[in-house]
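Engineer: Show me the folded form of this:
(chains A, B, C and D)
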There are 2 protein chains.
Amino acid sequence: MTMHAEDPRQRRRDAKIAEILEVAWSLALRDGLGAISLRDLAAAVGLRQPSLYVYFDSKNALYDAMFADGYQQLLSYLDERDYEGDPRDALVDFVRDLLLFSSASAVRHQMLFQRTLPGFEPSPEGYEPSLEFSRRATALCERAGIKDSADIDLFSALMNGMAHQQVANDPGGSRWADQAERAVDMLLAVAHKSTSKTSRTTTPTRAHL
Amino acid sequence: MTMHAEDPRQRRRDAKIAEILEVAWSLALRDGLGAISLRDLAAAVGLRQPSLYVYFDSKNALYDAMFADGYQQLLSYLDERDYEGDPRDALVDFVRDLLLFSSASAVRHQMLFQRTLPGFEPSPEGYEPSLEFSRRATALCERAGIKDSADIDLFSALMNGMAHQQVANDPGGSRWADQAERAVDMLLAVAHKSTSKTSRTTTPTRAHL
DNA sequence: GTCTATATTCGGATAGAC
DNA sequence: GTCTATCCGAATATAGAC
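Structural biologist: Alright, predicted model coming up:
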């Protein structure tokens, strides 16, 4: 019943879960994100298929863990970097780093930003790290002068599109990442410089970047 | 053995295929593109499941037909419109129309531009209408002054991203479509105006818009 | 062309022994 | 926690009568 993070039982369990997730990503790479089979996954981690249910209540729970894990990877990746300097330069770096992050794993990109799995919807808990990411992104935008909701829409569209093209047409490369600087400067050139907070007509729906 | 398009047998067959495709789209809307079942599809068109094999050799053949059908819809949609006027205005119209086309059907957009189905790869025949679309798009870009390969990469990324955001965050609406004009002017402002055909460093790979 | 019947395979999930 | 054994359902696909 102990819930200490230091509990050796819990530690072993967490390690096993981490191992399963890692193998799940590689399996998704091989077969497609929507085509992972729990049988194959179990075999790849040296277990029989029913034993997976000790760690995940269902297949959707596995997807949920992968979703959260992907965003944790993203946040860790961003934590290693520094976006504190000149706002424009920081945004350029941020954009380039994001594109390289997507480029590194097409399936992870698909899980985090495309969300095309038939029945899967992330749970509130799994969703949380994705919100943290959104906060960081909008903060960097604001600091660089992209505040207007229409401008943010344009920014998010361009980022998403560049990431998708990077993943689809130059996986592992940097063909679109190399254009981060141009893209940011282009956006800054047309951004509304108004200090007022009037956000025109659009509704403030959640725009999942 | 007659292969005339006027053959009443062939006409009935083609009509049935068209009906099946139409129902398949609505089924994809309901269950997800990757979750279509041939049983449900057959039932929805008043057939038993094995009878579908009279019209499609396999499930991938159905996907292939949907892929081609979606691009045919897109080409017909574009044929109804006029992009012959001022190059900049034509490109703006083209972009807005594209976004509204995507907005009208998320699953169709997914099939044409996301390509996230586990085992599916379009056949050369099904692929042909998509090439025709790419030709038209690049022609309009060139006419408006977007010729440099880096500029085309940026254009395709922005289009793809706006379409995705439109579909994901405002399906059926026009939140991003309304920004077509700003987006195009923004791109034209940074496009390389050089008349020379030097395309810098990047490789001329096929960039599926 | 459409049907019934069935083959085949594979999926996720559960029961219960150890 | 892991296993064996099994359930149950669903999927695509095929055989052969009508």
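Engineer: Do any residues in the longest helix anywhere in chain A lie close to DNA strand D?
Structural biologist: The helix that spans the most residues within chain A, counting by DSSP state H, is helix A:8-31. Yes. Helix A:8-31 lies within reach of DNA strand D by CB under 7 Å from any atom of the strand, at A:9, A:13, A:16. All C-beta atoms are positioned from the backbone trio N, CA, C, and that covers glycine.
Engineer: Just the CA coordinates for that helix, please, in CSV.
Structural biologist: Extracted C-alpha coordinates of helix A:8-31, given in CSV (Å, rounded to 0.1, in the frame of the first residue of the first chain):
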residue,chain,number,x,y,z
PRO,A,8,11.7,-0.4,-4.7
ARG,A,9,8.5,-2.2,-5.9
GLN,A,10,7.2,0.9,-7.4
ARG,A,11,10.6,1.7,-8.9
ARG,A,12,10.7,-1.6,-10.7
ARG,A,13,7.2,-1.2,-11.9
ASP,A,14,7.9,2.3,-13.2
ALA,A,15,10.9,1.0,-15.0
LYS,A,16,8.9,-1.7,-16.6
ILE,A,17,6.3,0.8,-17.8
ALA,A,18,9.0,3.0,-19.2
GLU,A,19,10.4,0.0,-21.0
ILE,A,20,7.0,-1.0,-22.4
LEU,A,21,6.5,2.6,-23.7
GLU,A,22,9.8,2.7,-25.3
VAL,A,23,9.1,-0.5,-27.2
ALA,A,24,5.7,0.6,-28.0
TRP,A,25,7.1,3.7,-29.8
SER,A,26,9.4,1.5,-31.9
LEU,A,27,6.5,-0.9,-32.7
ALA,A,28,4.4,2.1,-33.8
LEU,A,29,7.2,3.2,-36.1
ARG,A,30,7.3,-0.3,-37.7
ASP,A,31,3.6,-1.0,-38.0
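Engineer: Can you tell me which helices and strands the helix or strand just after that helix packs against?
Structural biologist: Following helix A:8-31 in sequence order, the next helix or strand is helix A:38-44 (DSSP states H and E). Packing contacts for helix A:38-44, counted by 3 or more CB pairs under 8 Å, 6 or more residues apart in numbering or on different chains; DSSP states H and E, involve helix A:8-31, helix A:59-79.
Engineer: now do 7 Å
Structural biologist: Secondary-structure packing of helix A:38-44 (3 or more CB pairs under 7 Å, 6 or more residues apart in numbering or on different chains; DSSP states H and E): helix A:8-31.
Engineer: Tell me how many other residues surround the closest residue to residue A:172 other than its chain neighbours.
Structural biologist: Using CB to CB, 6 or more residues apart in numbering or on different chains and skipping the chain neighbours, the partner closest in space to residue A:172 is residue A:103 (6.0 Å). Using other CB atoms under 10 Å in any protein chain shown, residue A:103 has 20 other residues around it.
Engineer: Give me the helices and strands touching the host helix or strand of residue A:103, please.
Structural biologist: Using DSSP H and E, residue A:103 maps to helix A:87-104. Packing contacts for helix A:87-104, counted by 3+ CB pairs under 7 Å, 6+ apart, involve helix A:124-144, helix A:149-169, helix A:180-190.
Engineer: Do you know the pLDDT at the residue nearest to residue A:172?
Structural biologist: The confidence metric pLDDT takes the value 98 at residue A:103.
Engineer: repeat for residue A:118
Structural biologist: 84.
Engineer: Return the residues in contact with the residue nearest to residue A:172.
Structural biologist: A:166-167, A:171-174, A:177 (CB atoms under 7 Å, 6 or more residues apart in numbering or on different chains).
Engineer: Which residues of chain A lie near chain B?
Structural biologist: A:32, A:34-35, A:110, A:114, A:116, A:118, A:150, A:153-154, A:156-162, A:164-165, A:168-169, A:175-176, A:179, A:182-183, A:186, A:189-190, A:202, A:205, A:207-208 (CB under 7 Å from any CB of the partner chain).
Engineer: Now a PyMOL select for only the buried ones of those residues.
Structural biologist: Entered in PyMOL, the line below selects the buried ones among these, by 16 or more other CB atoms under 10 Å in any protein chain shown:
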select buried, chain A and resi 32+34+110+114+116+150+153+154+156+157+158+159+160+161+162+164+165+168+169+175+176+179+183+186+190+202+207+208
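Engineer: okay if I get the residues of helix A:8-31 next to DNA strand D as TSV plus pLDDT and neighbour count?
Structural biologist: Formatted as TSV, the residues of helix A:8-31 next to DNA strand D follow (pLDDT from 0 to 100; neighbours: other CB atoms under 10 Å in any protein chain shown):
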residue	pLDDT	neighbour count
A:9	89	9
A:13	97	13
A:16	98	15
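Engineer: So, low pLDDT: which residues of chain A?
Structural biologist: Along chain A, segments meeting pLDDT under 70 span A:1-5, A:195-209.
Engineer: Now with 50, please.
Structural biologist: Within chain A, the ranges that satisfy pLDDT under 50 run A:196-204, A:206.
Engineer: buried stuff in stretch A:29-47?
Structural biologist: Going by 16+ other CB under 10 Å, stretch A:29-47 has these buried residues: A:32-34, A:36, A:38, A:40-42, A:44-45, A:47.
Engineer: Now for the closest residue in space to residue A:59 that isn't next to it in sequence: which residues touch it?
Structural biologist: Spatial nearest neighbour of residue A:59, chain neighbours left out: residue A:38 (6.2 Å); criterion: CB to CB, 6+ apart. Neighbour list for residue A:38: A:49, A:52, A:59 [criterion: CB under 7 Å, 6+ apart].
Engineer: Distance of residue A:38 relative to chain B?
Structural biologist: As judged by CB to the nearest CB, to the nearest Å, residue A:38 and chain B stand 16 Å apart.
Engineer: Residue A:121 now?
Structural biologist: Taken as CB to the nearest CB, the span from residue A:121 to chain B is 12 Å.
Engineer: which residues touch residue A:189?
Structural biologist: Residues near residue A:189 by CB under 7 Å, 6+ apart: residue B:189.
Engineer: Where do the domain boundaries of chain A fall?
Structural biologist: A:8-56, A:59-209 (automatic domain parsing).
Engineer: tell me the contacts of residue A:117?
Structural biologist: Counting by CB under 7 Å, 6+ apart, the residues that residue A:117 touches are A:33-34, A:63.
Engineer: Try it again at 8 Å.
Structural biologist: By CB atoms under 8 Å, 6 or more residues apart in numbering or on different chains, the contact set of residue A:117 is A:33-34, A:63, A:111.
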